[in-house]
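Undergrad: show me how the following folds:
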Amino acid sequence: MTITPAPIIVLFRNDLRVSDNGALAAASATGKPVVPLFILDEGQQDARPAGAASRWWLHHSLSALGNSLGLLGAPLAIRQGATKEIVAETARTTGADSVFWNRRYTPVSIAADTALKSELRAERFQAESFDGFLLHEPSRLMTRSGDFYKVFTPFYNRLAEDEFRDPFDVPTSIVAWQGKLTSNKLDEFKLLPKSPDWSSGLAERWQPGEQGAADRLATFLDDRLGNYTDSRNVPGVQGTSGLSPHLAHGEITPFQIMAALRRRRGEGAQTFRKELAWREFSFICFSIGQSCKSKIFGPSSMHSIGEARRRRSGRGSPGELAIP
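TA: Down below sits the predicted model:
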């Protein structure tokens with residue numbers, strides 16, 4: 001009698017891709033059944049709810065991810081509600097004994113994932129997390145005094161010393177859990193605008209999803225990288241990479257971008273590498289290393305930034321922009 005091994009739940013959050021996905025790669029490599037799961041947990045958001053354009057993007061990105069996972073043989077289950085409750089329910093339904101995910105780095109996310117990992121392990125689950133959103137682990141890249149870097153140049157010099165890993169390949173196939181699992185329909189999330197539907201302009205310019213990210217990177221490297229140093233500062237020229245929303249939703253990783261840049265030379269390539277490093281540095285400053293704010297800007301400057309964001313957004317909270 002063949003005993004089917006207990007499956008592994010793979011949580012998708014801001015990592016909506018199948019390539020260079022550490023959690024998915026590790027789970028599929030075990031040969032055990034895999035249960036891909038996305039939970040729209042709006043009670044666990046950082047600081048402010050997602051804007052309408054970000055919700056539009058999420059809808060289409062989830063659709064693309066579902067298609068990719070379906071081709072690999074493991075359908076994506078999507079749910080809405082509290083992460084802890086839905087993970088527990090899914091584990092009971094499937095008999096899973098492991099939960100894998102890719103790490104997030106905002107204070108709210110770190111606290112939530114730390115608590116989830118502790119609770120799962122206390123219940124004798126295997127709970128493992130993997131990298132992908134940042135090129136480095138903030139807790140491991142510190143100054144000699146054990147603090148976060150507060151000045152970019154020393155941070156960049158230290159980051160440049162690291163040998164970045166190669167991106168993980170897409171699993172050739174995934175063993176799917178054979179059973180019926182509760183899943184919402186994507187339209188039930190009500191992520192798309194209705195009255196009016198203003199999203200036609202977004203759809204004309206952007207292609208959410210992993211393939212859209214790969215195509216945009218290829219176009220940027222071939223057509224814009226050479227002049228990037230100058231053209232990125234010209235508003236009337238499409239001189240930037242346009243990868244920000246793809247990175248934000250985890251449709252592409254900085255490891256994939258750095259791998260594509262390895263054989264690229266010239267000022268534009270070097271400037272773009274530094275911009276990726278600024279993403280790492282700024283993320284730490286504004287999301288983790290809180291002391292970095294006052295060190296770099298001071299209280300008056302931080303107040304001015306907040307006021308500017310409120311004026312631009314037309315709303316009460318800083319940075320509530322409807323930009324993905």
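Undergrad: quick one, strands of the stretch 1-150 of the chain?
TA: Counting by DSSP state E, counting those that start in this stretch, the stretch 1-150 of the chain has these strands, from start to end: 8-12, 34-40, 77-80, 98-102, 126-130.
Undergrad: just want the angle from the first one to strand 126-130.
TA: To tie it back to what came earlier, the one meant is strand 8-12. The directions of strand 8-12 and strand 126-130 differ by 40 degrees, with axes from the mean of the first three to the mean of the last three CA atoms, to 10 degrees as the criterion.
Undergrad: ok, now the longest one?
TA: In terms of direction (the same axes, to 10 degrees), strand 34-40 departs from strand 126-130 by 70 degrees.
Undergrad: what sits up against strand 34-40?
TA: 7-13, 16, 24, 27-28, 62, 65, 69, 74-81, 83, 86-87, 90, 94, 96, 174-177, 181, 189 (CB atoms under 8 Å, 6 or more residues apart in numbering). From N, CA and C alone the C-beta is placed, and that goes for glycine too.
Undergrad: show me which of these are buried.
TA: A residue is treated as buried here by neighbour count (16 or more other CB atoms under 10 Å); on that basis the buried members of these are 7-13, 16, 24, 27-28, 62, 65, 69, 74-79, 83, 86-87, 90, 94, 96, 174-177, 189.
Undergrad: distance between stretch 262-276 and the chain's centre?
TA: If you compare the mean C-alpha spot of stretch 262-276 with that of the full chain, they lie 22 Å apart, counting by CA atoms, centre = their mean, to the nearest Å.
Undergrad: now do the buried residues in that stretch.
TA: Neighbour count says stretch 262-276 has 268, 269, 272, 273, 274, 276 buried, by 16+ other CB under 10 Å.
Undergrad: and those residues, which of them are in helices?
TA: Secondary structure defined by DSSP state H assigns 268, 269, 272, 273, 274, 276 of these to helices.
Undergrad: would you turn those residues into TSV with distance to residue 195?
TA: Putting these into TSV (distance: CB to CB, whole Å) gives the following:
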residue	distance to residue 195
268	44
269	46
272	41
273	44
274	44
276	40
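Undergrad: need those in TSV (columns: pLDDT).
TA: Putting those into TSV (pLDDT from 0 to 100) gives the following:
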residue	pLDDT
268	95
269	95
272	96
273	95
274	95
276	95
